[in-house]
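In: predicted coordinates and the sequence they were generated for:
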Amino acid sequence: MIYLSIKLIHIFSVFIYGGFLFTDNLFLSKIKKDLSEKEHSKVREYFMQYVRKVVPKALLVAVASGIYLFYVNFGAIGEDGLSNFQILLGIKAILGLWLGIRGILQVFFSIQPLVFKSHIFPFILVVIIIFLSQIMFSV
């Protein structure tokens, strides 16, 4: 029951973080064309006012619950080495940890994001993580 609860919390927190990236990349960046710079700035700041209260906490919950799920699901390394599942889970974990470290440094310590400063690259990583999540149980 604990595993299922943590998995549901993980999925919900990932939806919050991924939803923010989706909204920012696919909607907020596109409304620049329809609004003046001042209006766009005002809309984005209004949106971010609420995002800053929820998304960083959701990211922390996603990373913490993801670490637990990784620990439970990774399993023992066989004599043949890592299984395909373990390799994909490891890649997924590395990408998730990078997102978590980047977010924690940016939000809580005001350190500029690692490598990329826009939300496009984190969005791509979230899409890759979702893809890996869907195929790792079938390989």
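Out: Structure received.
In: which helix in the chain runs the most residues?
Out: helix 37-74 (DSSP state H).
In: on contacts alone, who are the packing partners of the helix or strand just after that one?
Out: For helix 37-74, the succeeding helix or strand toward the C-terminus, using DSSP states H and E, is helix 84-109. Using 3 or more CB pairs under 8 Å, 6 or more residues apart in numbering; DSSP states H and E, the elements in contact with helix 84-109 are helix 37-74, helix 120-135. Yep, even glycine has a C-beta here, placed from its N, CA and C like the rest.
In: buried residues in helix 84-109, which are they?
Out: Judged by neighbour count using 16 or more other CB atoms under 10 Å, the buried positions of helix 84-109 are 85-86, 88-89, 92-93, 95-96, 99-100, 102-103, 106-107.
In: now that helix: average pLDDT?
Out: Helix 84-109 comes out with an average pLDDT of 90.
In: for the residue nearest to residue 70 when sequence neighbours are not counted, what are its contacts?
Out: Computed as CB to CB, 6 or more residues apart in numbering, the closest residue to residue 70 that is not its neighbour in sequence is residue 93, at 4.9 Å. Each residue near residue 93 by CB atoms under 8 Å, 6 or more residues apart in numbering is listed here: 66, 67, 70.
In: many thanks, we can stop here.
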